[in-house]
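Novice: just coords:
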């Protein structure tokens, strides 16, 4: 059971999430042919620190960077380095920060220059599957309903969802209970209650769902080396439905008092 | 940043969530009516179970002392099915 957050705590989490999303905007603009993944990592760190926050991933279980950057068949947890991005690359950017002890976590996948139609479609469907998962976040629904919505949408387009990595509760730690898989039957797992915060993050592959982790101990790639995309947002469950924490509170002032 | 997933219920089917039966080794202790047997489970398992024979008629002639493999339903650890001799 994830810890329920108070309205004040949710506001702090919202600040953290906005800093992450603003940094992702800058990273997306900077992801052009020729830039190295290490340079994007430096930019991510600057943005987070200028905003008065602290990188969440740096040092997490020994992770060596601020940003996770996963190119093409890399699914998640790619470590920044000397690799130069090339025209047509599909780049997953995953970033987190800490503000006053609360974590924000978000990711998106962007194309470098012009990318193939297949890549555009994969990114579109993955993002839509995230939004379908978020839509489910009403009190009384269950964590399994989220994964079911994500999986149904992604597989309807002929893609597969990764099983080995899952979304998670988020708050005063980067990873809290419950785990939020992107697959599975509806009506199962933990019940959603107001104040719960979840990082929902579908990882969708063009080919088979299987992944493997490379020798660096972090970088996950599709086993069949097919293209993969990843989108993530941190969401609070409110009495009125989901609140994407990087966006303004969507349910008006009167309701805010009750949240 | 995604977390490494662990299955919430070991052996659960990713599609239906249904859990598979667990196979354990045991020894027949007593023959009961209706092709039921009381089976004492091998080390590690806690209780004796009442077990029905699955399919094969050769299993009907089980006697106390016979070594068998029992499938235990995840939702009722006191019952099971004898699936084969061992």
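Specialist: That came in fine, so what should we check first? Keep in mind the model is a prediction, meaning the values are calculated, not measured.
Novice: quick one: contacts of whichever strand or helix holds residue A:178?
Specialist: Element membership for residue A:178, per DSSP states H and E: strand A:176-180. Residues from elsewhere that reach strand A:176-180, judged by C-beta atoms under 8 Å, 6 or more residues apart in numbering or on different chains: A:1-3, A:143, A:146-147, A:166-170, A:189-190, A:197-201, B:3, B:5-6, B:8. (Each C-beta comes from the backbone N, C-alpha and C, glycine too.)
Novice: so residue A:36 makes contact with residue A:81?
Specialist: Yes. When contacts are counted by C-beta atoms under 8 Å, residue A:36 is listed as touching residue A:81 (7.4 Å).
Novice: And the nearest residue to residue A:55 once chain neighbours are set aside, how far from residue A:7?
Specialist: What sits nearest to residue A:55 in space, not counting adjacent residues and going by C-beta to C-beta, 6 or more residues apart in numbering or on different chains, is residue A:66, at 4.0 Å. Separation of residue A:66 from residue A:7 (C-beta to C-beta, to the nearest Å): 29 Å.
Novice: Ok, residue B:38 next?
Specialist: In terms of C-beta to C-beta, residue B:38 sits 59 Å off from residue A:7.
Novice: which stretches of chain B have low pLDDT?
Specialist: For chain B, the stretches with pLDDT under 70 are B:6-21, B:43-60, B:73-78.
Novice: Is it correct that residue A:119 falls within a helix?
Specialist: Yes. Under DSSP: H, G, I helix; E, B strand; the rest coil, residue A:119 falls within a helix.
Novice: and the closest residue to it other than its chain neighbours, how far is that from residue B:70?
Specialist: Distances taken as C-beta to C-beta, 6+ apart put residue A:90 closest to residue A:119, at 4.8 Å, once the chain neighbours are dropped. Using C-beta to C-beta, one obtains 51 Å as the distance from residue A:90 to residue B:70.
Novice: Neighbour count: those two, which is higher?
Specialist: Using other C-beta atoms under 10 Å in any protein chain shown as the criterion, residue A:90 and residue B:70 rank with residue B:70 on top: 27 against 23.
Novice: Which among the contacts of strand A:176-180 count as buried?
Specialist: With burial judged by 16 or more other C-beta atoms under 10 Å in any protein chain shown, the buried subset of these is A:2, A:143, A:146-147, A:166-170, A:189-190, A:197-201, B:3, B:5, B:8.
Novice: burial of residue B:31, as a residue count?
Specialist: By the criterion of other C-beta under 10 Å, residue B:31 has 15 neighbours.
Novice: Tell me who's in contact with it.
Specialist: B:37, B:62, B:63, B:64.
Novice: so what's it bridging to?
Specialist: residue B:37 (DSSP bridges).
Novice: Show me the buried ones among the contacts of strand A:176-180 that map onto helices.
Specialist: A:143, A:146, A:147 (DSSP state H).
Novice: filter the residues you listed by proximity to chain B?
Specialist: Among those, no residue sits close to chain B (C-beta under 8 Å from any C-beta of the partner chain).
Novice: Filter the contacts of residue B:31 down to just the buried residues.
Specialist: B:37, B:62.
Novice: pLDDT of the strand or helix carrying residue A:108, averaged?
Specialist: Residue A:108 belongs to strand A:102-111 when elements are defined using DSSP H and E. When pLDDT is averaged over strand A:102-111, the result is 98.
Novice: so how far is it from its chain's centroid?
Specialist: 5 Å (C-alpha atoms, centre = their mean, to the nearest Å).
Novice: Tell me if it is near chain B.
Specialist: Yes. Judged by C-beta under 8 Å from any C-beta, strand A:102-111 and chain B are in contact via A:105, A:107.
Novice: Repeat that for stretch A:213-226.
Specialist: No. Stretch A:213-226 does not reach chain B (C-beta under 8 Å from any C-beta); its nearest approach is 8.6 Å.
Novice: now the end-to-end length of that stretch.
Specialist: Start-to-end span of stretch A:213-226 (C-alpha to C-alpha, to the nearest Å) is 14 Å.
Novice: Averaged pLDDT, it. What do you get?
Specialist: Here the average pLDDT along stretch A:213-226 is 95.
Novice: partners of residue B:24 in the sheet?
Specialist: residue B:70.
Novice: Next one: it relative to residue B:70, how far apart?
Specialist: With C-beta to C-beta as the criterion, residue B:24 and residue B:70 are 6 Å apart.
Novice: and for those two, which residues touch both?
Specialist: The contact sets of residue B:24 and residue B:70 overlap at B:41, B:80 (C-beta under 8 Å, 6+ apart).
Novice: Other residues contacting stretch A:188-199?
Specialist: A:1-2, A:4-6, A:10, A:13, A:105-106, A:137-144, A:146, A:167-171, A:176-178, A:180, A:232-239, A:245, A:259, B:8, B:17.
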